[in-house]
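> The amino acid sequence is not available; the structure is as follows:
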């Protein structure tokens, strides 16, 4: 099982109270489960305090990069020891 670093970027660091966590995961689904289990309750509480009514997911509200590449652009995601998974808040602009 590879050891990867999950990095919370920008406002997520303050919002979640974490910068980087090192975890052992088999795949992207395990990484998502880890993030949602360990940081989802904090995220949910903070979102509700800002007035959001429906349940939110930190994973679904993030752009996710594996070693600098958006995971949506990857055909297959295989973790190796030392990989970096970055979660950045989604933002809209004009």
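Nice, thanks for sending it over. No experiment lies behind these values; they were computed from the predicted model shown. Numbering: from 1, shown residues only.
> can you pull the contacts of residue 34?
Taking CB atoms under 8 Å, 6 or more residues apart in numbering as the contact definition, residue 34 lies against 6, 21, 23, 25. From N, CA and C alone the C-beta is placed, and that goes for glycine too.
> where along the protein do the strands fall?
For the chain, the strands defined by DSSP state E occupy 3-8, 20-24, 62-66, 69-70, 84-89.
> Could you export those strands as TSV, including mean pLDDT and distance to residue 30?
Below are the strands of the chain laid out as TSV (pLDDT from 0 to 100; distance: least, CB to CB, whole Å):
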stretch	mean pLDDT	distance to residue 30
strand 3-8	98	10
strand 20-24	97	8
strand 62-66	96	14
strand 69-70	96	19
strand 84-89	96	11
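> And the contacts of residue 34, which two are furthest apart?
21 and 25 (10.8 Å; CB to CB).
> still on that earlier bit, redo the contacts of residue 34 as CSV? Include distance to residue 41 and neighbour count.
Listed next are the contacts of residue 34 as CSV, based on distance: CB to CB, whole Å; neighbours: other CB atoms under 10 Å:
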residue, distance to residue 41, neighbour count
6, 16, 21
21, 15, 16
23, 17, 17
25, 19, 20
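> Closest one of those to residue 64?
Using CB to CB, these come closest to residue 64 at residue 6, 9.6 Å.
> who are the neighbours in contact with that closest one?
By CB under 8 Å, 6+ apart, the neighbours of residue 6 are 20-23, 31, 34-35, 85-87.
> Run the chain-centre distance for the top helix by length along the chain.
Of all the segments of type helix in the chain, defined by DSSP state H, the longest one is helix 28-49. How far helix 28-49 lies from its chain's middle: 8 Å, per CA atoms, centre = their mean, to the nearest Å.
> Run the angle between it and strand 62-66 for me.
Angle of helix 28-49 versus strand 62-66, following axes from the mean of the first three to the mean of the last three CA atoms, to 10 degrees, is 150 degrees.
> Can you check what angle separates helix 28-49 from strand 3-8?
Using the same axes, to 10 degrees: helix 28-49 against strand 3-8 is 20 degrees.
> Many thanks, we can stop here.
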